[in-house]
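[1] With the sequence up front, the predicted model follows.
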Amino acid sequence: MLTKDISNTGLLYAKGFLFLVAGVLAATILLLENPSLHVAMLLGLCVWCFARAYFFVFYVVEHYVDGKYRYRGIVSFLKYVLRGQVPSEEMKRPD
């Protein structure tokens, strides 16, 4: 059952925690291999930019661009973009 949604709150928290641990470990290893302020700043900028991009895909498109679109993941968003879908007139924000 690969398509079943996870509804167990404990599993969702565990998944989030594991992502956090993996990110901290990856950043730590990168900084231990090349301990410099330059690398630390680039790593921080990289993390921040990807977080903002994810927020854009997850929240901004659904709430401000196209209210009919429902986010289901990065692949879902790429299909949405490649299909050339545009927001309906009633969903566009007034200028």
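    That came through, no problem.
[2] Relative to Tyr59, how far out is Leu43?
    24 Å (C-beta to C-beta, to the nearest Å). Bear in mind the C-beta positions are built from the backbone N, C-alpha and C, glycine included.
[3] correction: Thr28
    29 Å.
[4] ok, now Asp66?
    From Asp66 to Tyr59 the distance is 12 Å (C-beta to C-beta).
[5] Please identify which of the two sits among more neighbours.
    The neighbour comparison of Asp66 against Tyr59 (other C-beta atoms under 10 Å) goes to Asp66, with 16 against 11.
[6] Quick check: phi and psi at the more buried one.
    phi -140, psi 100 (degrees, to the nearest 10).
[7] The longest helix anywhere in the chain - what's its average pLDDT?
    Of all the segments of type helix in the chain, defined by DSSP state H, the longest one is helix 9-33. Confidence for helix 9-33, expressed as mean pLDDT, is 94.
[8] before we move on, what about stretch 73-89?
    74.
[9] Return the distance of that stretch from the chain's centre.
    Its chain's average C-alpha position is 15 Å from that of stretch 73-89, according to C-alpha atoms, centre = their mean, to the nearest Å.
[10] What are the buried residues along that stretch?
    Across stretch 73-89, burial judged by 16 or more other C-beta atoms under 10 Å covers 77, 80.
[11] same question, stretch 40-58
    Neighbour-count burial for stretch 40-58 [16+ other C-beta under 10 Å]: Val57.
[12] pLDDT (mean, whole number) over it?
    92.
[13] Other residues contacting the host helix or strand of Phe50?
    Using DSSP states H and E, Phe50 maps to helix 37-55. Defining contact as C-beta atoms under 8 Å, 6 or more residues apart in numbering, one finds that helix 37-55 is touched by 23, 27, 30-31.
[14] repeat that with 6 Å
    Defining contact as C-beta atoms under 6 Å, 6 or more residues apart in numbering, one finds that helix 37-55 is touched by Ala27.
[15] nearest residue to Ile74 other than its sequence neighbours?
    Closest residue to Ile74 apart from its sequence neighbours, by C-beta to C-beta, 6 or more residues apart in numbering: Val57 at 6.8 Å.
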